[in-house]
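[1] okay, sequence plus prediction incoming.
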Amino acid sequence: MCQYLLMSQVRTRIAPSPTGDPHVGTAYIALFNRCFAHQHGGKFVLRIEDTDQQRSSEKSEQDILQSLKWLGLSWDEGPDCEGDFGPYRQSERSEIYSSHIEQLLDKGTVFRCFCSSERLDLLRQQQMQDKQQIGYDGCCVNLSAENIAAKLEQGEPHVIRMKIPEQGNCEFEDLLRGTISISWAQVDMQVLIKSDGLPTYHFANVVDDHLMKISHVIRGEEWINSTPKHLLLYQYFGWDIPVFCHMPLLRNPDKSKLSKRKNPTSIGYYAAMGYLPEALLNYLGMMGWTMPSGEEKFSQEEMTANFDISRVSLGGPIFDTEKLDWLNGKYIREDLNDEEFIQRFAAWAFKSDKVKMIAPLLKQRVERLSDVASLGSFFFSGELDISAESFAHKNIEADEILKIVQFTLWKLELIEQWDRDSIEKQLQELAAQLELKIRDFLFPLFVAISGKAVSTSVIESINILGIDITRARLRKALDVLGGISKKQAKSLEREFRDFG
RNA sequence: GUCCCCUUCGUCUAGAGGCCUAGGACACCUGGUUUUCAUCCAGGCAACAGGGGUUCGAAACCCCUAGGGGACGCCA
C-alpha cells in the first residue's frame, strides 16, 4: 500500500444524496474520508448523487452542503468549487453515463431489460413465498437483436442491467477487514440505467469514482454486499480498482442502524440544540477511532495529523449523546473565554433572524419587559421539563392526546416547504380529520412545544423552532405520555393512512 | 429465507501471544473543595459472548455455536 500511496495522489470522496435532512452519518463518513486524504496530502471531493429525480431536492442539497461546512468538513473539489474533474453533480453528468453505458452495450456485458415492474414485483413475491433467493430471473438476457430492435422501435420502456458470472466467487480486499468473498450466485443483475435514462447509484458511482480518480473508497458497511457489482463494472471497463474500506455503521441505542425514527439524526438538530460544531465533529471522530495517545478531546487538525485508518475498530458504535453532552460542555468551559462564549451564544440564539420572528409574538403578550424571559424561554431551550400531568385536560382523554401528538408529528414530516402557512394547513386539516375543535386539538401541542398550556401561537412557535426541535419535543411528549407500543403504532399508522 | 460483516465494563474504547490481577473516558455511587448547584480533585462499581483447539503461555491466532447488525429496490 505504501508504494501505491507514493505513486499516485490519494483522492477520497463523500457522495451524499440530497434526499433528506443532512445526516450525522454522512458527516461521520466525510470526516474519515477527509482525514485520510489530507493526512496523505491528497484531495477530498464532494459529489452530489442526485440521480433519483423523484426524491432529490435543491433544498436538501443546500442543507447538506451548509451542514458539512458548519462542521468544518470543507472539500477541495465539489459542486461549488469545481476542480479538474467536474461537474460534481451527477444530474449534470448524464452524457458521461450514456456514453459509458454504450461501451458496455457494445461489449455485451450489459443488456436491455423490458420487464415491467409489475412482473418483477410478482416475481419477488413468488420468490419470497418459495423462500428462494430474491433477484432478477434473467428473462431478458438473451433477447434476440431483432426482438430488441423492434421493442426499441415501438418505444417500449426499458432498463439496462449488468450481466453477472454464473459461477464462482468474487473476492476482494477490504482495507480493514481483509479478504471478503461473496458468491456470484448471490449477486443480482443490477439495473444500471433506469427507464428514465438516468443511472443508478451503482453505475454512476463507479464511473464517477474512476473519472474523478478516487483512490480510496471509504464508505459505510452497508455497501459491502454490493461491492462485487462495482468490482465487476471496473473489470468490464478495464479500469484499475480503488482501495475499498468499509466503516462500521453508527447505531441507535438498540444497536440498529442509526435512523431518524429512533434518534435525532439531522445535523440541524444538533446545531439547533446548541452543540458546538467542533465538539460534534470530535465526537464523531471518537466513533470507532481513538488518538494513539488516548486523548479524547481533539480537533480535526489533530485528528488528521495523527490519523491512522487501521486504528478504526469494527464494532458498530452507538451514537449515544451522553458523552457528546460531556464533550460539548468541556469545549465550552475550556475553549471559550467569556467574550467568545457570549458571541457563540448570541450567534446561536439570534441565528437567521430568529429574534425578529419571536419579538412580535412576545410583544403582544407581555406587560413588563421582565416577562419576556419566562414567556419566551422555550424558544431557547432544548428539552422541556414536562410530565404526563402537564397534559391533563378536561375534554380530551389520554389516548386522544397521544394520538394528536403522534399524528401531528407525522403531518409535519410531510411538509416540503417549511413555513407558517403549510404548518397551519396541516394542523387544520388534522383537527378536522380527528373531528376536534381546533382549540382542544391544539392544547397538547402547546404543552409539547412550549411546555405550558398558555403561550404564544403554537403554529408560529413551531415555525420558528423548526422541524428538528419540533420533532424532538413532540417525541419527548410521546415519551412522557408513556410511549406507544408496537401494536398501538400499527393501528395508529393504519388510521393515519386512511386520512389519505 | 439466503448471503456478508461484527462481538472487551451500561456506553465510547485501549489492547498487534507474556508488560493484563484487562487500562482510560462517559454515566452512576462515595468523599473533598465550593454559601447552594455545576466545575475541579480523590476514590469506588463495572467487561474479554460460550465451547473447543494451536501454544510453555491466548482478550489477542484457528474452528464451531450463540448473539447482534447489514444487504438482498428502476433508493442511495
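    The structure has been received and is ready for your questions.

[2] would you mind listing what in the stretch 251-400 of chain A touches RNA strand B?
    Within reach of RNA strand B by Cβ under 7 Å from any atom of the strand, the stretch 251-400 of chain A has these residues: A:251, A:254-257, A:286-290, A:294, A:296, A:310-311, A:313-318, A:320, A:322-323, A:325-326, A:329-330, A:333. For glycine as for every other residue, the C-beta is placed from the backbone atoms N, C-alpha and C.

[3] of those, select the buried ones using a ChimeraX command.
    Entered in ChimeraX, the line below selects the buried ones among those, by 16 or more other Cβ atoms under 10 Å:
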select /A:251,286,287,288,289,290,316,317
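
[4] from the residues of the stretch 251-400 of chain A next to RNA strand B, which ones fall inside helices?
    With DSSP state H as the criterion, helices contain A:E322, A:K323, A:D325, A:W326, A:G329, A:K330, A:R333 from among those.

[5] how far away is the last one from A:R11?
    When Cβ to Cβ, to the nearest Å is the yardstick, A:R333 and A:R11 sit 39 Å from each other.

[6] next: the second one.
    Applying Cβ to Cβ, one obtains 33 Å for the distance of A:K323 from A:R11.

[7] cool, and A:S461?
    Relative to A:R11, and taking Cβ to Cβ, A:S461 is found at 46 Å.

[8] then A:A305?
    For A:A305, the distance to A:R11 (Cβ to Cβ) stands at 20 Å.

[9] who has more neighbours, the two?
    A:R11 (23 against 13; other Cβ atoms under 10 Å).

[10] state the distance from that one to RNA strand B.
    From A:R11 across to RNA strand B, the span is 18 Å (Cβ to the nearest atom of the strand, to the nearest Å).

[11] quickly list what that residue is bridged to.
    Beta-bridge pairing for A:R11 (DSSP bridges): A:K43.

[12] ok, it touching A:G41?
    No: with contacts counted by Cβ atoms under 8 Å, A:R11 stays clear of A:G41, the gap being 10.9 Å.

[13] wait, A:D385 touches A:K452, no?
    No: counting by Cβ under 8 Å, A:K452 is not a contact partner of A:D385; they are 10.6 Å apart.

[14] neighbour count: those two, which is higher?
    Legend: neighbour count by other Cβ under 10 Å for A:D385 and A:K452, higher for A:K452 (15 against 9).

[15] surely that one is in contact with A:F443?
    No: applying Cβ under 8 Å, one finds A:K452 not in contact with A:F443, separated by 10.8 Å.

[16] from A:A37, how far off is whichever residue of the stretch 351-500 of chain A sits closest to RNA strand B?
    Taking Cβ to the nearest atom of the strand, RNA strand B has its nearest neighbour within the stretch 351-500 of chain A at A:K486, 14.2 Å off. Separation of A:K486 from A:A37 (Cβ to Cβ) stands at 44 Å.

[17] again with A:L211
    A:L211 sits 17 Å away from A:A37, going by Cβ to Cβ.

[18] repeat for A:K297
    Distance, A:K297 to A:A37, using Cβ to Cβ: 23 Å.

[19] quick one, which of the two is more surrounded?
    A:A37 (26 against 15).

[20] quick check: which element contains the more buried one?
    A:A37 belongs to helix A:24-39 when elements are defined using DSSP states H and E.

[21] next one: A:I182
    With elements taken from DSSP H and E, the one containing A:I182 is strand A:178-183.
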